[in-house]
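**Student:** Pasting the sequence and the predicted coordinates here, then a few questions.
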Amino acid sequence: MCPRKKSRKAVGYMSFELFRDVVDQLSCRNIAQLSLHLAGEPLLHPRITEMVAYAKGHGLRRVRFATNATLLNENLARDLIEAGLDSLTVSMDASCAKRYCPGLSGNELISNLDQKIVGLIALRNQRGLEYPEVHMRIINMESTQDLIGDFVQRWEGVADRVTVKPLLSWAGHIKVPGKEPTRRLICISHLTQGVVLWDGDVSFCCLYIDSEGDGAAVIGNAARTSLEDIFLSERRRVLIEAQLRGNYDVAPYCRECPDWNEYLDWGRAEKRPVAGVEA
Ligand code: SF4
């Protein structure tokens, strides 16, 4: 689902040392949540469970990630539960469509994923635990229209949350019918989130994919500079001020972005405890 083909960035795994350094810097802050994903599949990382355990052991109160769950298995499910993962978003997106994986039948794929997720929930429940919360999510787009009803029906009452999420344009990199850039006061992403990519590059936006012509969406590198210095930098101040003034010459990545208002109800959506549809 991430527009990876548009990205110029090399792929890689964040080193454990960099991850530890980032967590150590965050552990004394009142961070609402740490999400271990962006334009990549977290379960591919060979040390993902250690990372969850480290973050939970160092005061991060909510650690979560989104996954397509294809690599989930019983051992991994047990390790993630024991590591203290707070929330797992399973992004089925098109994975329940026969068109998603031509080499495997749609039914086989769905059945495999279904068993893995139900297995994780059962394992968690057997231990009398409420976490990780399992959040099933499907994207509302043309190719999933015929699947949404069945998806919601399948998972309501089984998963802890079920949501139908609007399709993001990834800051204008994907054409989404009916979505155009609109005038905004400020995108709260600039104030509420920070992103550390696998190589340490820090961005202000979780939709950053480093495509051609993206401009200045990287504001520093966590392998060389502390997060405090990056987020209190003159560069970030100028970016926020430019957003307030609607001056996208300074933040060209945001110029064509119609997604900014998807984040306005982020806090509410993340806390919603029951199944529902994200408008
Ligand atoms: S305006 Fe769009 S690209 Fe810019 S920070 Fe917000 S969500 Fe990201």
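**Tutor:** The structure has been received and is ready for your questions. Keep in mind the model is a prediction, meaning the values are calculated, not measured. Numbers count the residues shown, from 1 in each chain.
**Student:** Is the ligand within reach of stretch 179-188?
**Tutor:** Yes: Stretch 179-188 lies within reach of the ligand by C-beta under 6 Å from any ligand atom, at C187. The way it works is simple: take the backbone N, C-alpha and C, and place the C-beta from them, glycine included.
**Student:** can I get the CA coordinates of that stretch in CSV?
**Tutor:** Extracted in CSV, the C-alpha atoms of stretch 179-188 (Å, rounded to 0.1, in the frame of the first residue of the first chain):
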residue,chain,number,x,y,z
LYS,A,179,-9.1,14.7,-3.0
GLU,A,180,-7.4,18.0,-3.8
PRO,A,181,-5.1,20.2,-1.8
THR,A,182,-7.1,22.7,0.2
ARG,A,183,-6.1,25.7,2.1
ARG,A,184,-5.1,24.9,5.7
LEU,A,185,-4.1,26.7,8.8
ILE,A,186,-1.6,24.1,9.8
CYS,A,187,-1.2,20.4,9.5
ILE,A,188,-1.0,19.1,13.1
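**Student:** Would you mind listing the buried residues in that stretch?
**Tutor:** 179, 181, 184, 186-188 (16 or more other C-beta atoms under 10 Å).
**Student:** my guess is P132 contacts E82, does it?
**Tutor:** No: the criterion here is C-beta atoms under 8 Å, and P132 misses it with E82 at 10.9 Å.
**Student:** Look at the two and report which has more neighbours.
**Tutor:** Legend: neighbour count by other C-beta atoms under 10 Å for P132 and E82, higher for P132 (24 against 13).
**Student:** contacting residues for that one?
**Tutor:** 64, 80-81, 85-88, 120, 124 (C-beta atoms under 8 Å, 6 or more residues apart in numbering).
**Student:** And R4, how close does it get to the ligand?
**Tutor:** 17 Å (C-beta to the nearest ligand atom, to the nearest Å).
**Student:** ok, now how distant is the residue lying closest to I31 once chain neighbours are set aside from L34?
**Tutor:** Sequence neighbours aside, L60 is the residue nearest to I31 in space, at 6.3 Å (criterion: C-beta to C-beta, 6 or more residues apart in numbering). Counting by C-beta to C-beta, to the nearest Å, the separation of L60 from L34 is 5 Å.
**Student:** which neighbours do these two share?
**Tutor:** In contact with both L60 and L34: 23, 26, using C-beta under 8 Å, 6+ apart.
**Student:** Tell me the secondary structure of whatever residue of the stretch 51-200 of the chain ends up closest to the ligand, please.
**Tutor:** The nearest approach of the stretch 51-200 of the chain to the ligand comes at C187, 3.0 Å away (C-beta to the nearest ligand atom). When classified by DSSP: H, G, I helix; E, B strand; the rest coil, C187 comes out as coil.
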